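[1] pasting the structure only:
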Ligand SMILES: [Zn+2]
């Protein structure tokens, strides 16, 4: 169709300066997907795969369940076309992530489980630690993991500042880096010694002196500064402080989704993140979002901040996701809708819906994973 071709041409030439948003109003909705590409044609980065399966795992009876990545998750990611998965390694429970329980030990336990598990995968799963590890084409037969930590409580000192100089606690940050961790979200929903999580205070305060020191050290080491769940004033402050792009791996816009507690971000925060060169990663939420909503959100964000600043946090549980038998009941499994599909179907559906809205293959590639490649090439250690 001439109309959609015109739009496609426009999209393929629109950068941030032209305002990708102009596309949205002109795009013919409900058009057939124009792309012939599927998930295996793109470098897909799944922005946030919670590994709650790890909580209490060593108490489960079947030995296979003690290595969930190798035995349950990796092959589904590979079959689904996912090249890289960002996995939060920190905190063994929500209380630990929120900073209401000591998070350090839990983080060390979870990291041990994950690294031991990855060792068992015989090369099918490997870590991204340097720029040299980044895929230059979609992975085939293997998946890579980018270790993230959700909540800085695990690197804080036992005593509140200023009893200890920041340098003392930065030692823990550096130790996590040496274990292969390449991202740290400053907070989960609670308050810690770095900053306020938005679960307790949407606007919150600026970062603490220690929070600023953590970002500076992350910049120096080559780590991704994560702002999901961080309060609004924390996001604005982090954007000022960080010399490299800041990223929200899994957060929707408040104008599209309101969950409880309200963890979604405003347009202003999305713009602040994009201004650093960073990424806003939209995500599916069970029983809350539909893919249509997510694609509406991507279209809106493309107008607001440009397709080069969008990522995908998560597209939902797939039907082979371990049920309570393997996960010790952290969430109950539903079998309807998205949860009844395979991971490959998730990504195929999402790609087709983006294409129907007029997103070019180039832009789809950027928001599925290309944007992370750009950011990681900028921030990770060279080798
Ligand atoms: Zn989260």
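    Great, that's in hand. Computed from a prediction, not measured in an experiment: that's the story for all the values here.

[2] And the strands in this structure, which stretches?
    With DSSP state E as the criterion, the chain has strands at 44-46, 82-88, 125-127, 143-150, 181-185, 224-226, 246-248, 279-283, 310-314.

[3] Could you dump those strands into TSV and include mean neighbour count and mean pLDDT?
    No exception for glycine: its C-beta is placed from N, CA and C like everyone else's. As requested, the strands of the chain are exported to TSV (neighbours: other Cβ atoms under 10 Å; pLDDT from 0 to 100):
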stretch	mean neighbour count	mean pLDDT
strand 44-46	29	98
strand 82-88	26	96
strand 125-127	18	98
strand 143-150	26	96
strand 181-185	26	97
strand 224-226	27	98
strand 246-248	29	98
strand 279-283	27	98
strand 310-314	26	97
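
[4] of all those strands, which lies closest to residue 348?
    strand 44-46 (11.2 Å; Cβ to Cβ).

[5] Turn the strands of the chain into TSV, including distance to residue 208.
    Compiled in TSV, the strands of the chain are given as follows (distance: least, Cβ to Cβ, whole Å):
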stretch	distance to residue 208
strand 44-46	30
strand 82-88	22
strand 125-127	30
strand 143-150	17
strand 181-185	15
strand 224-226	15
strand 246-248	17
strand 279-283	24
strand 310-314	26
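
[6] Can you give me the pLDDT of residue 133?
    Looking at residue 133, its pLDDT reads 98.

[7] out of the strands of the chain, nearest to residue 370?
    strand 44-46 (8.6 Å).

[8] Give me the mean pLDDT for the helix or strand following the closest one.
    Using DSSP states H and E, the next helix or strand after strand 44-46 towards the C-terminus is helix 68. Helix 68 shows a mean pLDDT of 85.

[9] Quick one: closest of the strands of the chain to residue 257.
    Closest among the strands of the chain, once you apply Cβ to Cβ, is strand 279-283, at 8.8 Å.

[10] Pairing partners for the closest one, with directions?
    Strand pairing for strand 279-283, determined by DSSP bridges: strand 246-248 (parallel), strand 310-314 (parallel).

[11] which outside residues touch the first one?
    Strand 246-248 is touched from outside by 183, 224-228, 235, 238-239, 265, 273, 276, 278-281, 311, 375, with contacts defined as Cβ atoms under 8 Å, 6 or more residues apart in numbering.

[12] Neighbours of residue 243, how many?
    Residues lying near residue 243 (other Cβ atoms under 10 Å) number 12.

[13] And the helix ranked longest in the chain, what's buried?
    Criterion DSSP state H: the longest helix present in the chain is helix 103-120. Within helix 103-120, the residues that count as buried by 16 or more other Cβ atoms under 10 Å are 103-104, 106-111, 113-115, 117-118.

[14] can you count the residues close to the closest residue to residue 156 other than its chain neighbours?
    Leaving aside its sequence neighbours, residue 156 sits nearest to residue 193 (Cβ to Cβ, 6 or more residues apart in numbering; 3.9 Å). By other Cβ under 10 Å, the residues close to residue 193 number 23.

[15] Ok, the one 3 residues further on next?
    Counted with other Cβ under 10 Å, residues neighbouring residue 196 total 27.

[16] Also residue 210?
    Residue 210 has 24 nearby residues by other Cβ under 10 Å.

[17] Would you check that my belief about it contacting residue 172 is correct?
    No: taking Cβ atoms under 8 Å as the definition, residue 210 is not a contact partner of residue 172, at 11.5 Å.

[18] Now for the two: what residues contact both?
    Common neighbours of residue 210 and residue 172 (Cβ under 8 Å, 6+ apart) are residue 156.

[19] residues touching the residue lying closest to residue 211 once chain neighbours are set aside, list them.
    Excluding the flanking residues, the one nearest residue 211 by Cβ to Cβ, 6+ apart is residue 194, at 3.6 Å. Contact analysis of residue 194 by Cβ under 8 Å, 6+ apart lists 152, 156, 186-187, 207-208, 210-211, 214.

[20] Output these in a markdown table; the columns should cover pLDDT and distance to residue 43.
    Listed next are the contacts of residue 194 as a markdown table, based on pLDDT from 0 to 100; distance: Cβ to Cβ, whole Å:
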| residue | pLDDT | distance to residue 43 |
| --- | --- | --- |
| 152 | 92 | 29 |
| 156 | 86 | 35 |
| 186 | 96 | 27 |
| 187 | 94 | 29 |
| 207 | 97 | 32 |
| 208 | 93 | 36 |
| 210 | 91 | 35 |
| 211 | 95 | 32 |
| 214 | 96 | 29 |
